[in-house]
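**Q** Quick one, structure for this:
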Amino acid sequence: MTPKVTEARKSAVSLRPGFVTPCKPRPFTFGIARTPVQRKDPMQQGRILLVDDDVDFRSLVSTYLRRESFDVTEASTAGMARHEFGAGQVDLVLLDLGLPDADGFDLLRDLRSQRAVPVIMLTGKDTPMDRILGLELGADDYIGKPFELGELRARIRSVLRRANGLSESEMATASEVLAFAGWTLDLTHRRLLDKDGQEMKLTGGEYDLLQVLAEHARRPLSRDQLLDMTRARDWTPFDRSIDVLIGRLRKKLSDGGEGELIKTVRNVGYTLSAEVKRRRIAAAALTGGAKPLS
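**A** As a prediction, the model looks like this:
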C-alpha cells in the first residue's frame, strides 16, 4: 500500500510506490497502520538494527521491512545504536552516516571491531569517496538515498545470504539458530542439537528459558526477568520454578561435556556464560549428524 503523504511532504517522499528520499521536513503522518512488534516467529528473515535520526524515514523503512518478515530494532543516535547492538543478537545493521552525536564512519568502525555483523550504509551523500571509505572500513554494501524499498529488501537478502554462505533456495528454507559452546539451539524447529547434530530432548519450559538466556548471553538476568520473559501468566514472588528449570538445563548441558555454562550471579540471578552466535543454517546441515556450527 502506498503511504498517503501530506502536501508539505511531497518534496521528501516520491508519490511512486516504495520510493524514499533523504529530505527531512516538518513531521507528518503516514496514512498506514503501524504494525506492532511481535515475538519472533520461525519465518522471520533476520534481525535488523536500523540506525537513522529521521523518525519518519525510520517509520517508513521499518514498517516495510516488518511486513517482509524482518525483525527490526530502531536507533536514532550512535549511543542508542551501541546499546542495541550490545544488548542482543543482530543479523544486519542499516546505518545512516549523518547522525547527530557521532560520525557514521566512526560508528561503523566501532561496531565492526566488536563482531563481524554485516552492515549496509544508507546516506544522502552518495559520493565515490564516501563509498570507498565505507567499504574499506568494512561495510558490506552502500545505498544512496533516494532508493526503492524493493531494492533495499533485495540487497539485505543478498548480504545475509553471503554472510551465511547460503544460496537463495537454501536461504528460503534455512533454520535460524543460536550456536554456543558446541550446542546449536534451532529456533525454527524449537530443538537443541549437540556438536554431532544429535537432539537433546527439552521440555517446553526448558527450551523457552534456554532461548532467553542465549539471546541475552553474558548478561545477568534476575528470576523476575526470566519469569516475565518466559511466561504469559501471573507468578508469585515465591515462585521457584526458574531454579528447578535451571537445574535441569545445567544437567543436560553438562552431559554434553561442556561444563557449567549457566552461571549463578550472586544477588542477581543467572547468566549464560558462553559466546553466542546467531546464524541461518541450511536444513541439510542440521540433519544426518552433520556438524552445524563450531
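**Q** For the one helix or strand K251 maps to, name the packing helices and strands.
**A** In the assignment (DSSP states H and E), K251 maps to helix 241-254. The contact analysis (3 or more CB pairs under 8 Å, 6 or more residues apart in numbering; DSSP states H and E) places helix 241-254 against helix 204-215, helix 223-230, strand 262-265. (Each C-beta comes from the backbone N, C-alpha and C, glycine too.)
**Q** residues in contact with the shortest one?
**A** Read that as strand 262-265. Strand 262-265 is contacted from outside by 213, 220, 246, 249-250, 253, 270-273, using CB atoms under 8 Å, 6 or more residues apart in numbering.
**Q** ok, back up a step: buried residues in the helix holding K251, which are they?
**A** Buried residues in helix 241-254, counted by 16 or more other CB atoms under 10 Å: 242, 245-246, 249-250, 252-253.
**Q** Report the inter-axis angle for that helix versus helix 223-230.
**A** Interaxial angle of helix 241-254 relative to helix 223-230 (axes from the mean of the first three to the mean of the last three CA atoms, to 10 degrees): 80 degrees.
**Q** ok and helix 241-254 relative to helix 204-215, angle-wise?
**A** 80 degrees.
**Q** Now do helix 241-254: distance to the chain's middle.
**A** 27 Å (CA atoms, centre = their mean, to the nearest Å).
**Q** Need the mean per-residue confidence for it.
**A** The average pLDDT within helix 241-254 is 90.
**Q** Can you give me the domain boundaries for this structure?
**A** 39-164, 173-286 (automatic domain parsing).
**Q** any weak-confidence spans in this structure?
**A** Scanning the chain with the threshold set as pLDDT under 70 gives 1-45, 126-127, 164-174, 232-239, 255-259, 282-294.
**Q** got the residue ranges for the helices in it?
**A** 55-67, 78-87, 104-114, 128-136, 149-164, 168-173, 204-215, 223-230, 241-254 (DSSP state H).
**Q** so what secondary structure elements neighbour the fourth one?
**A** It refers to helix 128-136. helix 104-114, strand 141-144.
**Q** Many thanks, we can stop here.
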